[in-house]
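Chemist: what follows is a predicted protein model with its sequence.
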Amino acid sequence: MGILDLMLGKSGEGQQGVEGHSYMLPEETHAFVHPVAVRHEELAAVDELLAADEEAPSLEENADELQDAFDDLFDGDGPSAADLVERERAARRTVETLLEAWRERVDAEADALGVVYVRSADHSSLAAFVKRCAERGEREDDPFELPDSFPAVAPLLERLDEATDSRYRAVVHTDLVPST
(Lines give C-alpha, C1' and ligand atoms only; values in the text may rest on other atoms or scores of the structure.)
Protein backbone atom coordinates (compact mmCIF):
# COMPACT_ATOMS: atom_id res chain seq x y z
CA MET A 1 0.00 0.00 0.00
CA GLY A 2 1.48 3.33 -1.03
CA ILE A 3 1.39 6.84 0.33
CA LEU A 4 -1.42 7.76 -2.07
CA ASP A 5 -3.59 4.99 -0.61
CA LEU A 6 -2.92 6.33 2.88
CA MET A 7 -3.84 9.87 1.80
CA LEU A 8 -7.09 8.63 0.33
CA GLY A 9 -7.99 6.84 3.52
CA LYS A 10 -7.41 3.34 2.22
CA SER A 11 -5.31 1.74 4.89
CA GLY A 12 -4.86 -1.62 6.44
CA GLU A 13 -4.44 -2.52 10.07
CA GLY A 14 -1.24 -1.03 11.53
CA GLN A 15 0.85 -2.04 14.51
CA GLN A 16 -0.46 -1.43 18.03
CA GLY A 17 -3.97 -0.68 16.82
CA VAL A 18 -2.88 2.31 14.73
CA GLU A 19 -4.64 2.58 11.42
CA GLY A 20 -2.40 2.83 8.43
CA HIS A 21 1.09 1.55 8.11
CA SER A 22 3.50 1.91 10.97
CA TYR A 23 7.06 2.82 10.19
CA MET A 24 9.93 1.89 12.44
CA LEU A 25 12.52 4.63 12.85
CA PRO A 26 15.80 3.95 14.62
CA GLU A 27 15.77 5.23 18.21
CA GLU A 28 19.43 6.19 17.90
CA THR A 29 18.63 8.83 15.30
CA HIS A 30 15.05 9.88 16.12
CA ALA A 31 13.33 11.27 19.21
CA PHE A 32 9.85 12.10 20.43
CA VAL A 33 9.59 15.84 21.00
CA HIS A 34 7.05 18.60 21.46
CA PRO A 35 7.17 21.35 18.81
CA VAL A 36 6.86 24.79 20.40
CA ALA A 37 6.72 28.24 18.85
CA VAL A 38 9.20 30.71 20.34
CA ARG A 39 9.90 34.36 19.74
CA HIS A 40 13.34 35.93 19.44
CA GLU A 41 12.55 38.34 22.29
CA GLU A 42 11.77 35.39 24.60
CA LEU A 43 15.11 33.77 23.82
CA ALA A 44 16.83 37.11 24.40
CA ALA A 45 15.08 37.36 27.80
CA VAL A 46 16.35 33.90 28.80
CA ASP A 47 19.82 34.92 27.63
CA GLU A 48 19.68 38.03 29.82
CA LEU A 49 18.52 35.88 32.74
CA LEU A 50 21.53 33.62 32.26
CA ALA A 51 23.81 36.68 32.18
CA ALA A 52 22.27 38.05 35.39
CA ASP A 53 22.69 34.67 37.07
CA GLU A 54 26.33 34.55 35.95
CA GLU A 55 27.06 38.01 37.37
CA ALA A 56 25.45 37.43 40.77
CA PRO A 57 27.21 35.54 43.55
CA SER A 58 26.49 31.84 43.19
CA LEU A 59 25.81 29.01 45.56
CA GLU A 60 29.22 27.62 44.62
CA GLU A 61 30.98 30.63 46.15
CA ASN A 62 29.23 29.98 49.48
CA ALA A 63 29.25 26.17 49.40
CA ASP A 64 31.47 25.79 52.47
CA GLU A 65 29.30 28.07 54.60
CA LEU A 66 26.18 26.32 53.35
CA GLN A 67 27.63 22.89 54.18
CA ASP A 68 28.47 24.07 57.70
CA ALA A 69 24.89 25.29 58.13
CA PHE A 70 23.53 21.94 56.86
CA ASP A 71 25.82 20.04 59.21
CA ASP A 72 24.73 22.13 62.19
CA LEU A 73 21.07 21.90 61.29
CA PHE A 74 20.98 18.16 60.53
CA ASP A 75 23.70 16.93 62.91
CA GLY A 76 25.91 15.91 59.97
CA ASP A 77 23.20 13.90 58.17
CA GLY A 78 21.92 16.72 55.98
CA PRO A 79 22.12 17.30 52.25
CA SER A 80 25.41 17.87 50.52
CA ALA A 81 26.14 21.42 49.43
CA ALA A 82 28.36 20.01 46.68
CA ASP A 83 25.35 18.09 45.28
CA LEU A 84 23.26 21.26 45.29
CA VAL A 85 26.03 23.17 43.53
CA GLU A 86 26.35 20.44 40.89
CA ARG A 87 22.58 20.32 40.35
CA GLU A 88 22.52 24.10 39.89
CA ARG A 89 25.46 23.90 37.48
CA ALA A 90 23.82 21.09 35.47
CA ALA A 91 20.54 23.02 35.16
CA ARG A 92 22.41 26.08 33.97
CA ARG A 93 24.38 24.04 31.38
CA THR A 94 21.13 22.54 30.10
CA VAL A 95 19.54 25.97 29.69
CA GLU A 96 22.66 27.26 27.91
CA THR A 97 22.61 24.28 25.54
CA LEU A 98 18.89 24.72 24.83
CA LEU A 99 19.27 28.43 24.22
CA GLU A 100 22.20 27.92 21.86
CA ALA A 101 20.30 25.35 19.79
CA TRP A 102 17.07 27.34 19.79
CA ARG A 103 18.80 30.51 18.59
CA GLU A 104 19.77 28.62 15.43
CA ARG A 105 16.09 27.94 14.72
CA VAL A 106 14.82 31.51 15.22
CA ASP A 107 15.92 34.49 13.15
CA ALA A 108 17.74 37.26 14.98
CA GLU A 109 15.09 39.86 14.10
CA ALA A 110 13.25 41.35 17.07
CA ASP A 111 9.81 40.06 16.06
CA ALA A 112 11.01 36.72 14.62
CA LEU A 113 9.11 33.54 15.39
CA GLY A 114 10.39 29.99 15.05
CA VAL A 115 9.65 26.43 16.08
CA VAL A 116 11.88 24.52 18.46
CA TYR A 117 11.71 20.91 19.57
CA VAL A 118 11.50 20.23 23.28
CA ARG A 119 11.79 17.09 25.37
CA SER A 120 9.87 17.04 28.64
CA ALA A 121 13.09 16.92 30.66
CA ASP A 122 14.38 20.02 28.85
CA HIS A 123 11.25 21.92 29.77
CA SER A 124 11.64 20.87 33.41
CA SER A 125 15.25 22.11 33.49
CA LEU A 126 14.32 25.48 32.01
CA ALA A 127 11.35 25.88 34.36
CA ALA A 128 13.50 25.00 37.39
CA PHE A 129 16.16 27.51 36.36
CA VAL A 130 13.60 30.29 35.84
CA LYS A 131 11.91 29.47 39.15
CA ARG A 132 15.24 29.59 40.99
CA CYS A 133 16.04 32.96 39.42
CA ALA A 134 12.57 34.32 40.28
CA GLU A 135 12.97 33.21 43.90
CA ARG A 136 16.42 34.79 44.09
CA GLY A 137 14.99 38.02 42.67
CA GLU A 138 12.39 38.15 45.45
CA ARG A 139 14.89 37.66 48.29
CA GLU A 140 16.02 40.91 49.84
CA ASP A 141 19.31 39.46 51.10
CA ASP A 142 20.32 38.16 47.65
CA PRO A 143 22.19 40.62 45.38
CA PHE A 144 20.74 38.88 42.30
CA GLU A 145 18.48 41.15 40.25
CA LEU A 146 16.01 40.02 37.64
CA PRO A 147 16.58 41.70 34.27
CA ASP A 148 13.91 44.06 32.94
CA SER A 149 13.17 41.54 30.17
CA PHE A 150 12.16 38.83 32.68
CA PRO A 151 8.38 39.15 31.99
CA ALA A 152 9.04 37.96 28.40
CA VAL A 153 10.03 34.54 29.77
CA ALA A 154 6.53 33.82 31.15
CA PRO A 155 4.78 33.35 27.76
CA LEU A 156 7.56 30.99 26.66
CA LEU A 157 7.17 28.86 29.79
CA GLU A 158 3.41 28.88 29.34
CA ARG A 159 3.67 27.53 25.79
CA LEU A 160 6.24 24.96 26.93
CA ASP A 161 3.84 23.84 29.70
CA GLU A 162 0.97 23.50 27.25
CA ALA A 163 3.05 21.65 24.68
CA THR A 164 4.61 19.16 27.10
CA ASP A 165 1.26 18.53 28.82
CA SER A 166 -0.44 17.67 25.54
CA ARG A 167 -0.47 14.23 24.04
CA TYR A 168 0.73 15.58 20.71
CA ARG A 169 4.32 14.68 20.01
CA ALA A 170 6.38 14.66 16.87
CA VAL A 171 9.18 12.39 15.82
CA VAL A 172 12.21 14.25 14.52
CA HIS A 173 15.78 13.43 13.72
CA THR A 174 18.03 13.93 16.72
CA ASP A 175 20.10 16.48 14.76
CA LEU A 176 17.16 18.86 15.29
CA VAL A 177 17.05 18.34 19.06
CA PRO A 178 19.54 19.94 21.46
CA SER A 179 21.75 17.32 23.09
CA THR A 180 21.51 18.12 26.78
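Modeler: Perfect, I can see it now.
Chemist: okay, CA-based contacts and neighbour counts for the rest of this
Modeler: Will do.
Chemist: what about the longest helix in the chain?
Modeler: In the chain, with assignment by DSSP state H, the single longest helix is helix 81-105.
Chemist: would you mark the buried spots in that one?
Modeler: Judged by neighbour count (16 or more other Cα atoms under 10 Å), helix 81-105 contains these buried residues: 81, 85, 88, 91-92, 94-96, 98-99, 101-103, 105.
Chemist: looking at those residues, which gets the smallest pLDDT?
Modeler: Among the buried residues of helix 81-105, residue 81 has the lowest pLDDT, at 78.
Chemist: the residue lying closest to that residue once chain neighbours are set aside: helix or strand, and which one exactly?
Modeler: Nearest residue to residue 81 in three dimensions, chain neighbours excluded: residue 67, at 5.2 Å (Cα to Cα, 6 or more residues apart in numbering). Residue 67 is part of helix 63-74 when elements are defined by DSSP states H and E.
Chemist: same deal with residue 160?
Modeler: Element membership for residue 160 (DSSP H and E) is helix 153-165.
Chemist: now do the helix or strand following that helix: which elements does it pack against?
Modeler: Note on helix 153-165: by DSSP H and E, the next helix or strand toward the C-terminus is strand 170-173. Secondary-structure packing of strand 170-173 (3 or more Cα pairs under 8 Å, 6 or more residues apart in numbering; DSSP states H and E): strand 30-39.
Chemist: against which helices or strands is the helix holding residue 67 packed?
Modeler: Using 3+ Cα pairs under 8 Å, 6+ apart, helix 63-74 is in contact with helix 81-105.
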